[in-house]
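In: have a look at this prediction, sequence included:
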Amino acid sequence: MKAVVGLALLLFIAMALTLVVGVRDAGISDLWNAFFAFDANDPTHAVIRSVRVPRLVAGLIAGAGLGMAGTVMQAVTRNPLADPGLLGVNAGAAFAVVVGALLTGYADSGMMAALAFPGAAIASVAVFLVGGARSGAGSPVRLTLAGVAINALLLSLVSAIILSRNETLEIFRFWVTGSLAQANTRPLEAMFVALVLGAAIAVIIAPRIEALALGSSLARGLGTKPGAVQLCALLAIMLMTGAAVAVAGPIAFVGLVVPPLARRIGRHVLRHELAVSAVLGGSMMLLADTAGRLVVAPAEIRVGIMTALVGAPVFIFVVRRLRPGALT
Amino acid sequence: MSGEGSARKIVGGWLLLGGLLAAAILLSLMVGQIMITPAELLRGLMTGAGPGSLTLRVLRGPSTLTAVGAGAVLGASGAIFQILLRNPLAAPDVMGFMSGAGCAVVAGVAFGLFIPLPILAAIGGLVAALLVAGLAFHRSGRQSPLTLILVGIGIGFFASAVSSFLVLRMPPQEAADAQRWLAGSLTARNWGHVLQVFGLGALLFVVLALQVRAMALLELGDELAAGLGAHVERARYGLICTGVLLAAVGVAVAGPVPFVAMMAGPLGMRIAGVRHPASRLTAAAIAGATITVLAEVISRSAIPGLQLPVGVMTGIMGAPYLLWLLWKEVEAGEL
């Protein structure tokens, strides 16, 4: 109960800060009025409704999606270093959208964003094949290095494509490190639906994933088909990661930092962990974004850089805690 | 390893390695917005006049030579760590030393410190190496190379994030330049860069030559090396320092170009067909130079009228190699 209140409070604070803080300071009364007594001539109201609310929604979609995707990946691979950003799944989604825009000649739009899903799926399959997940549990090192390689390859290609199209620096930054600054141009409604679908699949198969963690022969005895569960997990990861990348670009480390905390708070029940990681992921994303806007105001540090500043030390911490045997 | 046939094979391997570098340099000097024929280049070299001379002196000569120097120091640096840790993944780019060096350079520029870039890069590289070694240290005893590599990757993530953070605090024009440099860039290098990378590089290669005997002993294993009269720890720390400094020299002129250091060692060893540390280091330097020159010429001529950062190209070349390496190890059941 204490945990639920704490999480709700955290989320509330993160959301309130996102709406209030910015170049144009808004008070609580402005916030209230913007929603309940909207005045079209008040610039503060306009900023809140057309810039900060989309930013809030995008941050929640991306944070919740990456947090839950990270939790599913870590549960399926039993690898505490699994994160959609580090394993190249985000990069796959970004790459597919950028290539789609290149081939069709359109600027990237809502239609293009749908390409994030197959991109995420193909990159996940590739990283698990190269990472050796098919021959039993892939080791953390192998999987991480495969992710580093796939990330480097895809993001180099994304850079080359965007630079060759003479796109603006803003677009380059969005597709290489991720940002919430263009939230009002992203297809938020559609991606919210995708996120909910992915989350629903994850919640439905959560007990099966837990059974799988007992070992595949024991899981079969309990009536679980490992292949089918893994396929469903892949589908859930694809939907949640694809939605996150389509609204916020390839942001790393949220899916690494959130799951271990969710495991503690959710007491190792995967369904609870999923709910906790959605809240924690969303809050982390919003807080990182708000901090990034405060540090160098009126400029801003992209949220992907802020999550990396927090996430890289966590990565090292997790590596140090791996048992030596877990490395080989 | 003995006999006529293998000696001939080794000579052939060295010739092939050298020939590839020469071909890459020639290609880099010829190709560009205006094609310059070898004859014109030769005339320019002899007479000091005409388009060939301009290309050599100003347009492409300095960039190409900087690429040669940077690639050579990075390749040698990568081979040092690969030999010491006996792991093809141990390289200053994978383990975050180059990101650390890049971060220190950006910090120096951002805070307006008047410290020469190679010194900043060296400080950043050494700090990153210390952090990696310290954080990978395990109470239970020896640290495994894999922990070192993973912690190094983490340090690399952190250093890159700090660099991006610092870049955004700079004035816009400076920030754009810094961002390009961080992606690894060899655009518009001048003779100062050439002098710097070859001068400092030569100095470090002399130091490395003095350490090569100890390195060969270390390869036999710590106990045997100590029995043969090597100061194991001192030799190892000395070699690590040289390796980090070599990487820093490369970073200072070309930015933290990814994957050159990682690719050069195994590639050079395979082409030249050599095993001894001294030969492996030399082969890695030549291979590193070749890779960097090729990446430089492709990055500026792949898309007409557009200069991609050279790091984008080495990323596109190096990542598939890393994937192949992992795939092979997975097949072999190693790693």
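Out: Right, received. Where do you want to start?
In: now the helices for the stretch 151-300 of chain B?
Out: B:172-182, B:191-218, B:222-227, B:232-254, B:260-272, B:277-301 (DSSP state H, counting those that start in this stretch).
In: average pLDDT for the last one?
Out: Model confidence over helix B:277-301 averages 91 on the pLDDT scale.
In: the following helix or strand past it packs against which elements?
Out: Downstream of helix B:277-301, the next assigned helix or strand under DSSP states H and E is helix B:310-332. Under the contact definition 3 or more CB pairs under 8 Å, 6 or more residues apart in numbering or on different chains; DSSP states H and E, helix B:310-332 sits against helix A:116-130, helix A:140-164, helix B:260-272, helix B:277-301. C-beta: built from backbone N, CA, C; applies to glycine.
In: does the shortest one reach chain A?
Out: The reference is to helix B:260-272. No: judged by CB under 8 Å from any CB of the partner chain, helix B:260-272 makes no contact with chain A; its nearest approach is 10.3 Å.
In: report the buried residues of stretch A:195-203.
Out: The neighbour-count check on stretch A:195-203 (16 or more other CB atoms under 10 Å in any protein chain shown) flags A:195, A:198-199, A:201-202 as buried.
In: and if you look at stretch B:174-186?
Out: B:175, B:178-179, B:181-186.
In: need those in CSV (columns: pLDDT and distance to residue A:94).
Out: Shown next, in CSV, are the buried residues of stretch B:174-186 (pLDDT from 0 to 100; distance: CB to CB, whole Å):
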residue, pLDDT, distance to residue A:94
B:175, 78, 22
B:178, 82, 23
B:179, 79, 18
B:181, 82, 23
B:182, 83, 19
B:183, 80, 17
B:184, 81, 20
B:185, 82, 23
B:186, 83, 26
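In: from those, which are also near chain A?
Out: Counting by CB under 8 Å from any CB, the members of those near chain A are residue B:183.
In: and the buried residues of stretch B:174-186, which is closest to chain A?
Out: Among those, residue B:183 lies closest to chain A (CB to the nearest CB), at 7.3 Å.
In: which pLDDT value goes with the closest residue to the closest one other than its chain neighbours?
Out: Nearest in space to residue B:183, with sequence neighbours left out and distances taken as CB to CB, 6 or more residues apart in numbering or on different chains, is residue B:309 at 3.7 Å. Note on residue B:309: pLDDT of 85.
In: let's verify residue A:181: helix, strand, or coil?
Out: coil (DSSP: H, G, I helix; E, B strand; the rest coil).
In: which stretches of the stretch 151-300 of chain A form helices?
Out: A:169-177, A:188-213, A:216-221, A:226-248, A:254-265, A:270-295.
In: pretty sure residue B:86 contacts residue B:145?
Out: Yes: using CB atoms under 8 Å, residue B:86 is in contact with residue B:145, at 7.0 Å.
In: and residue B:111, what are its phi and psi?
Out: When read as degrees, to the nearest 10, the backbone of residue B:111 gives phi -90, psi 10.
In: what is the neighbour count of it?
Out: Residue B:111 is flanked by 10 other residues according to other CB atoms under 10 Å in any protein chain shown.
In: which residues touch the closest residue to residue A:117 other than its chain neighbours?
Out: Of all residues not flanking residue A:117 in the chain, residue A:242 sits nearest, at 3.9 Å (CB to CB, 6+ apart). By CB atoms under 8 Å, 6 or more residues apart in numbering or on different chains, the contact set of residue A:242 is A:93, A:116-117, A:119-121, A:191, A:194.
In: how about low-confidence regions in the stretch 101-250 of chain B?
Out: Within the stretch 101-250 of chain B, the set of residues satisfying pLDDT under 70 comprises B:138-143.
In: I'd like to know which residues of it are adjacent to chain A.
Out: Residues of the stretch 101-250 of chain B lying near chain A (CB under 8 Å from any CB): B:135-136, B:138, B:140, B:144, B:146-147, B:149-151, B:153-155, B:157-158, B:160-162, B:164-165, B:168-169, B:176, B:183.
In: hmm, stretch A:307-325 touching chain B?
Out: Yes: using CB under 8 Å from any CB, stretch A:307-325 comes into contact with chain B via A:308-309, A:311-313, A:315-316, A:319-320, A:322, A:324.
In: most neighbours among the residues you listed, please name it.
Out: residue A:311 (28 neighbours).
In: give me phi/psi at residue B:185?
Out: phi -140, psi 140.
In: again, but for residue B:34
Out: phi -120, psi 130.
In: how deep is it tucked in, by neighbour count?
Out: Applying other CB under 10 Å, we find 9 residues neighbouring residue B:34.
In: and the stretch 51-200 of chain A, which residues reach chain B?
Out: A:81, A:130-132, A:135, A:139-142, A:144-146, A:148-150, A:152-153, A:155-157, A:159-160, A:163-164, A:166, A:169, A:177.
In: any idea how far the residue in chain A sticking out farthest from the centre is from residue A:52?
Out: Residue farthest from the centre of chain A, counting by CA atoms, centre = their mean, is residue A:41 at 35.9 Å. Distance of residue A:41 to residue A:52, given as CB to CB, to the nearest Å: 18 Å.
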